[in-house]
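Asker: Sequence and predicted structure, then a few things I'm wondering about:
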Amino acid sequence: MTLVVKFGGTSVGSAAAMRETADLILQSQADWGQVVVVASGMGSKPVKVTDLLLQGAHTAAAGDTETYLMVAEQLRQIHFEAIDGLLEPEGERQQVLAENGRFIDRFTALCQAVNVLGELSPRALDAISGMGEQMSIRILAAYLRQIGHPAEAIDATELVVTDGHFQNASPLFEQTEAKTGARIRPLLAQGVIPIVTGFIGATASGATTTLGRGGSDFSAAIFGQVLAADEVWIWTDVDGVMSADPRLVSGARSIPTLSYREVSELAFYGARVLHPKTMRPCVENGIPLRIKNTFNPSHPGTVIVPDSAAENGGVKAVTAIKNLSLITVEGKGMLGVPGIAARTFGAVARSQVSVLLITQASSEQSICFAAPSDATNAVIRSLEETFEEELKAQDIDSIWALPDVSIVTVVGAGMRGTPGIAGRVFTALGQHGVNIIAIAQGSSECSISLVVAGEETGTAVSHIHSLITA
């Protein structure tokens with residue numbers, strides 16, 4: 001059986017964390033037979049290697065000739081401490097130090113070039129930002145070899161073939177399957193543990209790309225698909241997906257099972273879960289995807305499974321997005337006029353703003369939608385330009401925004417077959433004095449979203465969560 005495991009930055013963030021991660025890898029190999037490891041760059045609070053790489057690149061592009069050199073020294077120190085704490089002097093310590101040193105030298109050279117040009121292209125940013133993974137896998141693989149277990153560090157640029165959309169590349173699965181199979185399967189057959197970089201891939205011509213948000217998790221799902229793995233495990237620093245933000249709800253708990261649709265809704269509405277893109281390769285191929293805690297390995301975590309027609313159990317989680325505005329376009333002259341909605345959201349799109357919730361009165365006299373607070377002025381300007389003639393003719397009376405609101409979303413695929421869920425939610429909020437400003441429900445009936453005042457977010461989430469535990 002084949003298991004793909006992914007370890008995030010905190011799981012490889014120090015020598016001590018890497019020792020614990022190595023133990024988990026070896027336990028996985030003992031339990032499953034074949035294990036493929038995907039690792040992020042080192043990332044322990046307050047310093048994350050990827051953030052340092054990005055800081056160096058952006059400051060160099062801004063004309064700063066000193067920060068990227070300071071970052072390079074910081075990177076040397078971080079990786080030296082891990083290497084010094086893990087690898088014995090008579091073993092591979094010097095070799096791994098030299099390999100990582102070459103990556104840091106390359107980082108410095110690229111930043112110098114960016115500084116001279118005064119421009120940071122997406123291609124250059126991808127080449128720089130993926131180096132953290134390339135350094136961490138070499139340390140982890142060397143440590144496994146030192147304790148007597150064959151392991152090989154492999155850059156995913158050898159395996160994952162992508163398009164040329166730098167910063168958010170998409171994998172080309174046919175080519176990726178061929179390359180990955182040829183490189184990884186012989187190692188697994190020999191009992192070797194492949195330690196592969198997450199986050200990065202390469203175009204067919206060999207240019208390094210990155211996979212965008214949740215890139216290392218996405219890498220694990222890609223390898224799960226192309227290797228036909230039995231399961232994919234994402235090791236992180238929480239006990240799976242939580243029923244609510246623990247900072248808002250003290251009784252939040254891990255959810256044992258979620259469907260792809262449920263997780264997609266939670267991710268969209270601000271929960272700390274996998275990006276939907278990350279899960280697709282596993283879900284579409286029927287591969288269970290499990291989220292587990294490196295620091296609490298005995299906890300079963302959350303398993304994400306394909307959607308089922310037989311979902312039950314009602315509400316599973318509640319989440320919230322803060323710092324929003326509710327923007328309204330209203331006027332009696334909108335009644336029955338074709339194209340108003342299309343023009344409204346065309347204006348929003350021209351502002352390059354994502355709409356998070358939409359609701360429209362049945363009378364067609366108003367449209368309101370939620371957008372990030374910091375984009376409110378730009379959206380309203382665009383709408384006023386678009387409807388300039390309608391505003392003059394008073395067909396549209398006003399375009400205005402209600403600031404500082406939050407979207408609170410209740411999620412559960414089982415809500416579809418459970419009467420009275422919406423009523424219980426509204427009653428819980430009404431009994432505790434929370435005013436609902438707007439409501440929207442998706443056609444999938446997997447979620448109900450409510451707009452509330454920003455200062456009432458915690459109260460709303462807490463009292464809706466009590467319905468889950470009741």
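Answerer: Good, I have the coordinates. Numbering: from 1, shown residues only.
Asker: Give the residue farthest from the middle of this structure.
Answerer: Of all residues in the chain, A393 has its C-alpha farthest from the mean position, at 45.7 Å, by Cα atoms, centre = their mean.
Asker: Show me what the worst-scoring helix or strand of the chain on mean pLDDT is packed against.
Answerer: Of all the helices and strands that make up the chain, the one with the lowest confidence by mean pLDDT, DSSP states H and E is helix 260-268; it has a mean of 80. With contacts taken as 3 or more Cβ pairs under 8 Å, 6 or more residues apart in numbering; DSSP states H and E, helix 260-268 sits against helix 276-283, strand 302-305, strand 317-330, strand 398-411. C-beta: built from backbone N, CA, C; applies to glycine.
Asker: per-residue pLDDT, the closest residue to I421 other than its chain neighbours?
Answerer: Residue nearest to I421 in three dimensions, not counting chain neighbours: M415, with 4.8 Å by Cβ to Cβ, 6 or more residues apart in numbering. Confidence per residue is given as pLDDT, and for M415 that number is 73.
Asker: One more: D237?
Answerer: In this prediction, D237 has a pLDDT value of 80.
Asker: show me what contacts it?
Answerer: With contacts taken as Cβ atoms under 8 Å, 6 or more residues apart in numbering, D237 has the following neighbours: G8, T10, S11, N293, T294, F295.
Asker: my read is R106 is in a helix, agree?
Answerer: Yes - R106 forms part of a helix when assessed by DSSP: H, G, I helix; E, B strand; the rest coil.
Asker: Spatially nearest residue to it, not counting backbone neighbours?
Answerer: Leaving aside its chain neighbours, R106 sits nearest to M131 (7.3 Å; criterion: Cβ to Cβ, 6+ apart).
Asker: Phi, psi for the residue farthest from the centre of the chain please.
Answerer: When quoted as degrees, to the nearest 10, the phi and psi of A393 stand at phi -80, psi 0.
Asker: What sits closest to it if chain neighbours are left out?
Answerer: Distance criterion Cβ to Cβ, 6+ apart; nearest residue to A393, sequence neighbours excluded, is G333 at 7.0 Å.
Asker: again with G132
Answerer: What sits nearest to G132 in space, not counting adjacent residues and going by Cβ to Cβ, 6+ apart, is G41, at 2.2 Å.
Asker: Also D230?
Answerer: In space, not counting the residues next to it along the chain, D230 is nearest to M1; the distance is 4.7 Å by Cβ to Cβ, 6+ apart.
Asker: quick one, helices of the stretch 201-350 of the chain?
Answerer: Counting by DSSP state H, counting those that start in this stretch, the stretch 201-350 of the chain forms helices over residues 215-226, 260-268, 276-283, 340-350, given from the N-terminal end onward.
Asker: Buried deepest among those helices, which one?
Answerer: Sort the helices of the stretch 201-350 of the chain by mean neighbour count, taking mean count of other Cβ atoms under 10 Å, and helix 215-226 sits at the top with a mean of 27.
Asker: circling back to that earlier point, which one, of the helices and strands packed on helix 260-268, ends up nearest to V353?
Answerer: Ranking the helices and strands packed on helix 260-268 by proximity to V353 (Cβ to Cβ) places strand 317-330 first, at 9.7 Å.
Asker: on that earlier part again, tell me which of the contacts of D237 fall in strands.
Answerer: When strands are assigned by DSSP state E, the members of the contacts of D237 inside them are N293.
Asker: What pLDDT is listed against the nearest residue to V226 once chain neighbours are set aside?
Answerer: By the measure of Cβ to Cβ, 6+ apart, the closest residue to V226 outside its immediate chain neighbours is E177, 4.0 Å from it. Note on E177: pLDDT of 97.
Asker: What of R272?
Answerer: According to the prediction, R272 has pLDDT 69.
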